[in-house]
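**Student:** need a 3D model of the following:
(one chain, ligands or ions: 1)
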Amino acid sequence: MELLLDLHPDLYPLEGFRRRQVLDWVFGQGAGSFAAMTNLPTDLRTELATQYHLNPYREIETVRSTDGSVKYLFTLLDGRQMEAVYMPYLDRKTICVSTMVGCPAKCAFCATGAMGFGRNLTPGEIVGQVLAVAGGEGLEPRELRNLVFMGMGEPLLNYANTMQAARILLHPQALGMSKRRVTLSTVGLPRGIRQLAAEDDLGIKLAISLHAPDEETRNRIIPTGHRNSIAEIMDSAREYQAATGRRVTFEYAMLQGVNDHLWQAELLAGLLRGLVSHVNLIPMNPWEGSGFESSSETQIQAFYDALEERGVDVSVRRSRGKDAGAACGQLALKRPGAVSGSA
Ligand code: SAH
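**Tutor:** Below you'll find the predicted structure:
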């Protein structure tokens, strides 16, 4: 049986009016079954239910953090698991979604990297995370207006499925998200970044996990990094900017004694010259056995100041959900001692 959510909204197997009704049930109301679509003829509901299924997950568990963010642990129909994180802020509700089970990038400081690659998620398994989180939080799906592809996996290595998911997120009759509020984060694959730049109906925001301005350090913490030089990554970022007009974000996890030296801040500022960019410094979220520690507050401040003095637009990202194992780089961790329950 096919997963209905895998389809592009324009290709739902129904005509105009009926299609809009079904889309509204799925994405407007977050209906969990065809039976719930009470304004559709019973025959049609039965027929849809014999050809398609709606729910990509066998089980959903949640871990709530004291800061209000919630980790959603999904068991897929084949028994594999992946995660999403819900982050309510005063002015917005953000969801962080996974694009893979595990990840092949193997960044040394990331817990997901340590679990290795499981498989790609389908478009419906990606989009379904939004519907499930909305349901779990008592929201209508379209109330989740900000989305980041920053969960498990490397979105540009699951390219086609991630693009299809993005098109469903942006589709006005599906989730209707604004492209300005959807961000794709990549480990930095120039070919994928160029390909994304050419998707001119998308124009979503791009974040690049740079994490070091020199090859030696970058290759040490991102072992797959040696396939693409920093110079190539920066070139592709410039192309993305030229094609989309968007500011590009660079993520930089602060690792004590590894990438937090002031000469590295200086080098980073040099790389960013001529690019409209933003640097996000992320204090490293610790996990047992990683072998890395976060830079101290003092060092983060010094690094920040060194960038700012050189005209770099920079901020420090305070990760949410640390006590729930839901912060950046902690997905795939065993549940810590936080309150958990079923959604
Ligand atoms: N594969 C994509 C998206 C997933 S990771 C990418 O590499 O960008 C989302 C962000 O969290 C990345 O910038 C990643 O490098 C960062 N991250 C991973 N582990 C982390 C950790 N332990 N502490 C802080 N940030 C981490």
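**Student:** contacting residues for whichever residue of the stretch 1-150 of the chain sits closest to the ligand?
**Tutor:** Going by CB to the nearest ligand atom, the ligand is nearest to residue 110 of the stretch 1-150 of the chain, at 3.4 Å. C-beta coordinates here come from the backbone N, C-alpha and C atoms, glycine included. By CB atoms under 8 Å, 6 or more residues apart in numbering, the contact set of residue 110 is 103, 329.
**Student:** residues contacting the residue nearest to residue 153 when sequence neighbours are not counted?
**Tutor:** Spatial nearest neighbour of residue 153, chain neighbours left out: residue 100 (2.7 Å); criterion: CB to CB, 6 or more residues apart in numbering. Listed by CB under 8 Å, 6+ apart, the contact set of residue 100 reads 82, 117, 118, 119, 120, 121, 152, 153, 154, 157, 158.
**Student:** can you name the two of these that are farthest apart?
**Tutor:** Spanning the widest gap among the contacts of residue 100 are 82 and 157, at 14.8 Å by CB to CB.
**Student:** if I look at the nearest residue to residue 109 once chain neighbours are set aside, how far off is the ligand?
**Tutor:** Leaving aside its sequence neighbours, residue 109 sits nearest to residue 292 (CB to CB, 6+ apart; 4.7 Å). Distance check for residue 292 against the ligand: by CB to the nearest ligand atom, to the nearest Å, it reads 7 Å.
**Student:** give me the beta-bridge partners of residue 182?
**Tutor:** Beta-bridge partners recorded for residue 182 (DSSP bridges): residue 147.
**Student:** ok, it touching residue 205?
**Tutor:** Yes - at 6.7 Å, residue 182 and residue 205 qualify as touching, with contact defined as CB atoms under 8 Å.
**Student:** now the closest residue to the ligand within the stretch 201-343 of the chain: how far from residue 255?
**Tutor:** Nearest residue of the stretch 201-343 of the chain to the ligand, counting by CB to the nearest ligand atom: residue 329, 1.9 Å away. From residue 329 across to residue 255, the span is 11 Å (CB to CB, to the nearest Å).
**Student:** contacts only, for the most centrally placed residue in the chain.
**Tutor:** Nearest to the mean C-alpha position of the chain, by CA atoms, centre = their mean, lies residue 149 at 1.7 Å. Shown in contact with residue 149 (CB under 8 Å, 6+ apart): 97, 99, 155, 162, 182, 183, 184, 185.
**Student:** if I look at it, how far off is residue 211?
**Tutor:** Taken as CB to CB, the span from residue 149 to residue 211 is 17 Å.
**Student:** residue 78 in helix, strand or coil?
**Tutor:** Three-state call for residue 78 (DSSP: H, G, I helix; E, B strand; the rest coil): coil.
**Student:** let me have the contacts of residue 100 in JSON lines, adding neighbour count as columns.
**Tutor:** Converted to JSON lines, those look like this (neighbours: other CB atoms under 10 Å):
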{"residue": "82", "neighbour count": "28"}
{"residue": "117", "neighbour count": "18"}
{"residue": "118", "neighbour count": "19"}
{"residue": "119", "neighbour count": "15"}
{"residue": "120", "neighbour count": "18"}
{"residue": "121", "neighbour count": "29"}
{"residue": "152", "neighbour count": "26"}
{"residue": "153", "neighbour count": "28"}
{"residue": "154", "neighbour count": "27"}
{"residue": "157", "neighbour count": "19"}
{"residue": "158", "neighbour count": "22"}
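**Student:** and those residues as TSV, adding pLDDT?
**Tutor:** What follows is these, written out as TSV (pLDDT from 0 to 100):
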residue	pLDDT
82	97
117	96
118	96
119	98
120	98
121	98
152	97
153	98
154	97
157	97
158	98
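**Student:** between those residues, which is closest to residue 33?
**Tutor:** Distance to residue 33 across the contacts of residue 100 (CB to CB) is lowest for residue 121, with 21.8 Å.
**Student:** gap between the closest one and residue 173?
**Tutor:** Distance, residue 121 to residue 173, by CB to CB: 22 Å.
**Student:** show me what from the stretch 101-250 of the chain comes close to the ligand.
**Tutor:** Contact residues, the stretch 101-250 of the chain versus the ligand (CB under 6 Å from any ligand atom): 105, 107, 109, 110, 150, 154, 185, 186, 187, 209.
**Student:** could you redo the last one with a cut-off of 8 Å?
**Tutor:** 103, 105, 107, 109-113, 149-155, 185-188, 207-209, 211 (CB under 8 Å from any ligand atom).
**Student:** domain ranges for the chain?
**Tutor:** 1-55, 56-319+327-332 (automatic domain parsing).
**Student:** all helices for the chain, in order.
**Tutor:** Listed in chain order, the helices of the chain (DSSP state H) span 16-23, 42-51, 111-115, 123-136, 159-170, 190-197, 215-221, 230-244, 262-271, 297-309.
**Student:** before we move on, the earlier item: just the residues of the stretch 101-250 of the chain next to the ligand: which are in strands?
**Tutor:** Among those, the members falling in strands (DSSP state E) are 149, 185, 186, 207, 208, 209.
**Student:** need these in CSV with pLDDT, can you?
**Tutor:** Output for those, formatted as CSV (pLDDT from 0 to 100):
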residue, pLDDT
149, 98
185, 98
186, 98
207, 98
208, 98
209, 98
